[in-house]
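In: turn this into a model:
(one chain, ligands or ions: 2)
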Amino acid sequence: MKILIGGKGRMGSLIAQTAQAQGHEAIAQVDAMSLDEIKEKPAADVLIDFSHRDNLGWIIDYVNANDCALVYGTTGLDEDQKQQLYKLAEDHRVFYSANFSYGVAVLQEALRMLTPMLRDSFDMELVEIHHNQKADAPSGTAKALLEIMDPDDEYKKVYGREGMIGKRGKEIGVHALRGGTEAGEHTVYFFGDNESITITHHATNRQIFVNGALKAANFVVDQPAGLYDMRSFF
Ligand SMILES: NC(=O)C1=CN([C@@H]2O[C@H](COP(=O)(O)OP(=O)(O)OC[C@H]3O[C@@H](n4cnc5c(N)ncnc54)[C@H](OP(=O)(O)O)[C@@H]3O)[C@@H](O)[C@H]2O)C=CC1
Ligand SMILES: O=C(O)C1=N[C@H](C(=O)O)C[C@H](O)C1
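Out: Numbers count the residues shown, from 1 in each chain. Ligands and ions are numbered 1, 2, ... in the order given. From the prediction side, this is the model:
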């Protein structure tokens, strides 16, 4: 495949390296400042973006102009930007996930099953841990997990606690820890009376996200237009 890579950071660089090792052609690795680099290049089969939400505009323009597939992993999008991606998927192939690890996809399925049985009688809390360079909080994965835990937005989201906070209400506590080189850990707690259930996914290396993104690219280039996510691999 001819792959255009959005982002020159940790993820973009590892994708370029892994794509080449897998025999793909990384036609360029670009961001908003280096868009001129792709003017002379052949059209990509797929654009894989792990960069920053401010790049979404040119990404949508590129997909529309070249009718290429899009694998989108950047987090921190606002609601309007998410709607732009969904609209793009009406006419193009878009694979969008806040987390490309298979384990997190399985965790999400587990939560779809567990949460309806637990949320009325257990208190729910969510903790995510990431490296000290991460730009957004809470993580995109944490937001995706929250949507599964509370699909109708019935619970107040409490981002950290301090002071005389009083008794716990109908809420989900969300806590973002930042430090070191942590690749990504997400833990969901269900606290009941004299019992609790804890589920953790721990990424020990960001290569899992890169492998997942390239698997998604191989998959989505052969699909019709539409919105795809990690459930495609179950
Ligand atoms: N879905 C998933 O599985 C995963 C998603 N991610 C997400 O991927 C994204 C990138 O992560 P990572 O590679 O670690 O981040 P890095 O900070 O290493 O790289 C970010 C890239 O985006 C560029 N960038 C930063 N700010 C802007 C801006 N305002 N406008 C345009 N470009 C900008 C940076 O350029 P410059 O250096 O010049 O600022 C850099 O090329 C994040 O959103 C992260 O959450 C990460 C891992 C897995
Ligand atoms: O920025 C990261 O590193 C990660 N970002 C994603 C997120 O925000 O959920 C996925 C993963 O946890 C690593």
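
In: mean confidence score for stretch 10-28?
Out: Across stretch 10-28, pLDDT averages out at 97.

In: spatially speaking, which residue is in the middle of the protein?
Out: Ala98 (0.9 Å; CA atoms, centre = their mean).

In: what's the separation between whatever residue of the chain ends up closest to ligand 1 and ligand 2?
Out: The chain approaches ligand 1 most closely through Gly9 (1.9 Å), counting by CB to the nearest ligand atom. C-betas here are computed from N, CA, C, even on glycine. According to CB to the nearest ligand atom, to the nearest Å, Gly9 and ligand 2 sit 9 Å apart.

In: can you tell me the helix or strand for the residue nearest to that residue when sequence neighbours are not counted?
Out: Leaving aside its sequence neighbours, Gly9 sits nearest to Ser51 (CB to CB, 6 or more residues apart in numbering; 6.8 Å). Here Ser51, judged by DSSP states H and E, is contained in no helix and no strand.

In: quick check: can you list the domain ranges of this protein?
Out: 2-100+207-233, 102-203 (automatic domain parsing).

In: the residue nearest to Ser232 when sequence neighbours are not counted: which element?
Out: Of all residues beyond its chain neighbours, the one nearest Ser232 is Phe219 (6.1 Å), with distances taken as CB to CB, 6+ apart. Using DSSP H and E, Phe219 sits within helix 207-220.

In: which residues of this protein lie near ligand 1?
Out: Applying CB under 6 Å from any ligand atom, we find that the chain lies next to ligand 1 at 7-12, 31-32, 50-52, 54-55, 73-76, 97-100, 133, 140, 206, 209.

In: let's see that with 8 Å instead.
Out: 6-13, 31-33, 50-55, 73-76, 97-101, 104, 131, 133-136, 139-141, 184, 206, 209, 212-213 (CB under 8 Å from any ligand atom).

In: could you give the angle of the top helix by length along the chain to helix 207-220?
Out: Assignment by DSSP state H gives helix 102-118 as the longest helix of the chain. Put simply, helix 102-118 runs at 90 degrees to helix 207-220, going by axes from the mean of the first three to the mean of the last three CA atoms, to 10 degrees.

In: how about residues contacting helix 102-118?
Out: 97, 99, 124, 141, 144-145, 148-149, 186, 188, 190, 192, 197, 199, 201, 203, 208, 212, 230-231, 233-234 (CB atoms under 8 Å, 6 or more residues apart in numbering).
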